[in-house]
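Asker: With the input below, show me the fold.
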Amino acid sequence: FRVFVVFIALPTTVGCLVRFKLSRYYTFASVTMTWVEVDQVCVYGDPEYWDSKYKAEDEVTEWFFGFEHMKHLLQDHVKNKAAKILMLGCGNSTLSADMYRAGYHNITNIDISPNVIEKMMYQYSCMPGMQWMVMDATQLSFKDSSFDCIIDKGTLDALCCAPGGNDLVSAMNHEVVRVLQPRGLFMMVSFVQPQGRLHHFANCGFSDQLEIITIRTPPEGPLDDEGSHFAYLLRPAVYED
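Answerer: A predicted model of the protein is given here:
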C-alpha cells in the first residue's frame, strides 16, 4: 500500500500555498505501529463528557483550527460546491457554517451529542439545506453511496481515546466507505503523525493509495514540530486514480 506524502505550509497571508513534494512512501504493512500517548483512554472518548460540555458551555470548541486553515484543501479537493458533504462529529465548530458561506450549501452535520445538535440547529436555522442530526459515527443511518465527501476533524482522534478505540475507529471507517460515492473523498484531519494513524485505514475498504498533507500551525518552524497537523485524503477501493 503506497502513500504519497505532500507537505503543505500555510503562510500567514491567506491565499498562498507552498507545496513540498517529497519522494517518500509509506506502506500499511511496514509502518511501525507506535501507540501514541494521546490514544490512551481519556474523557475525549466519552460521549457523556462531550454532551455535558456542550450543555454547560456555549463557547465554540474549535478542534485544531477552523475554516481558514481548511479552505485550501477544500478548494483543491472539493471543487464542486454542490457536493453532498457529511461532517462527522461536528460539535459546535464553525467550520460547516463557514463552508456554507463559501458556497457549500449541501452539508449534513452529525454528532453523538443531542445537546450540541439542538444548539447548532437553532443557531444556523437561517442556512437552508444545512442539516443537523444526532448520530453515532460508527453506526450511520444513511443509505449506501450517499455522499460525495466526508470530513472528519478530530473525531477519529477522539474515538482512539475511548475503551476499544481500535474497534470503534474500524467501525467508523467501514461506515465511511459504505456511505461514500465510489469516487468520493474522505478527508480526515488529525494531529497524529502517519505512524500513529495509517494502520487504522487498512482493511476498511479504502483504496491502497492515499495522500497525506501536512498543515503547520503556525506556519513557521520545522515540519515535525508540535504545531503540525495532518490531513489524510482517502477514497473507496472501488475507485483508483
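Asker: Report the next helix or strand after the helix ranked longest in the chain in sequence order.
Answerer: In the chain, assigned by DSSP state H, the helix with the most residues is helix 165-179. Using DSSP states H and E, the next helix or strand after helix 165-179 towards the C-terminus is strand 180-190.
Asker: Show me what that following strand is packed against.
Answerer: helix 67-77, strand 147-153, helix 155-159, strand 228-234 (3 or more C-beta pairs under 8 Å, 6 or more residues apart in numbering; DSSP states H and E). For glycine as for every other residue, the C-beta is placed from the backbone atoms N, C-alpha and C.
Asker: if you set the cut-off to 10 Å instead, what comes out?
Answerer: Using 3 or more C-beta pairs under 10 Å, 6 or more residues apart in numbering; DSSP states H and E, the elements in contact with strand 180-190 are helix 67-77, strand 85-88, strand 147-153, helix 155-159, helix 165-179, strand 209-216, strand 228-234.
Asker: Just the buried residues of that strand, please?
Answerer: Counting neighbours by 16 or more other C-beta atoms under 10 Å, one finds that the buried residues in strand 180-190 are L180, Q181, G184, L185, F186, M187, M188, V189, S190.
Asker: The last one touches F201, doesn't it?
Answerer: Read it as S190. No. At 11.3 Å, S190 does not count as touching F201 under the criterion of C-beta atoms under 10 Å.
Asker: so what's in contact with the two at the same time?
Answerer: L156, Y232 (C-beta atoms under 10 Å, 6 or more residues apart in numbering).
Asker: end-to-end on stretch 89-106?
Answerer: Taking C-alpha to C-alpha, to the nearest Å, the first and last residues of stretch 89-106 lie 17 Å apart.
Asker: now it, how far from the chain's geometric center?
Answerer: Computed by C-alpha atoms, centre = their mean, to the nearest Å, the chain-centroid distance of stretch 89-106 equals 13 Å.
Asker: and it, average pLDDT?
Answerer: This predicted structure assigns stretch 89-106 an average pLDDT of 95.
Asker: Just give the nearest non-adjacent residue to S141, would you?
Answerer: M135 (6.2 Å; C-beta to C-beta, 6 or more residues apart in numbering).
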